[in-house]
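Asks: sequence first, predicted model second:
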Amino acid sequence: MTAELFFYPVTIKEQYLDLFGHMNNSAYLVLFEEARWELITKRGYGVAKMKSTGIGPTILEINIQYLKELLLRDAVVIETQLVSYEKKIGKILQKMKRGDEICCIAELTIGLFDLRSRKLIPPTDEWLNAIGWS
C-alpha cells in the first residue's frame with residue numbers, strides 16, 4: 001500500500017506573526033491542522049461524517065522542527081502524507097515548504113477514536129481512504 005501526497009497552498013498572513021515579524025510557533029500547528037482537515041474533508045470524512053458515525057481522528061503525539069523562518073506574505077505549500085498505519089496507530093508526515101526549501105516538519109502519531117467507547121479503534125476503510133491510503 002502507498003499513500004497519496006496531498007498539497008495545500010497557504011499565504012502567511014498578519015495574524016500568524018509574532019513580535020519578531022515571523023510566524024509564531026503556534027501558527028505552524030494551526031496551518032498543519034488546517035491542511036489535514038482540508039485533506040480528509042475533500043475525501044469525504046469531514047465533521048458531518050464524524051458526527052454521524054461517532055468516530056474521528058485524534059492526535060497522540062506531535063514532533064515539530066522549525067527549520068527556516070517564515071515572513072509576512074510568504075507563499076508556502078503544506079505537504080501531507082500518511083507514512084504508516086500499524087494496528088491502531090498511524091504516522092503522518094507534514095512539511096511546510098517555501099519553494100524547494102523545507103521550513104518546518106511535523107511528524108504526527110494519530111489514531112481513530114470512537115466517541116462512544118472512548119477508545120482507539122482499528123482504522124476503517126473509509127478512514128484509510130480519507131487519509132490517502134490506497
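Replies: Arrived safely, thanks for sending. Model, not experiment: these values are computed from the prediction.
Asks: tell me, how many residues neighbour Ile131?
Replies: Here the number of neighbours of Ile131 (other C-beta atoms under 10 Å) works out to 24. The way it works is simple: take the backbone N, C-alpha and C, and place the C-beta from them, glycine included.
Asks: ignore what I typed, I meant Lys119.
Replies: Neighbours of Lys119 (other C-beta under 10 Å): 11.
Asks: so what pLDDT did the residue lying closest to it once chain neighbours are set aside get?
Replies: Distances taken as C-beta to C-beta, 6 or more residues apart in numbering place Phe113 nearest to Lys119, at 7.4 Å, with adjacent residues excluded. On pLDDT, Phe113 comes in at 98.
Asks: secondary structure element for Phe113, which one?
Replies: Element membership of Phe113 [criterion: DSSP states H and E] is strand 101-114.
Asks: I'd like the next helix or strand past that strand.
Replies: Sequence-wise, the next helix or strand downstream of strand 101-114 (DSSP H and E) is strand 119-121.
Asks: got a list of what the spatially most central residue of the chain touches?
Replies: Against the mean C-alpha coordinate of the chain, by C-alpha atoms, centre = their mean, the closest residue is Arg36 at 3.5 Å. By C-beta atoms under 8 Å, 6 or more residues apart in numbering, the residues touching Arg36 are 57, 80, 92, 94.
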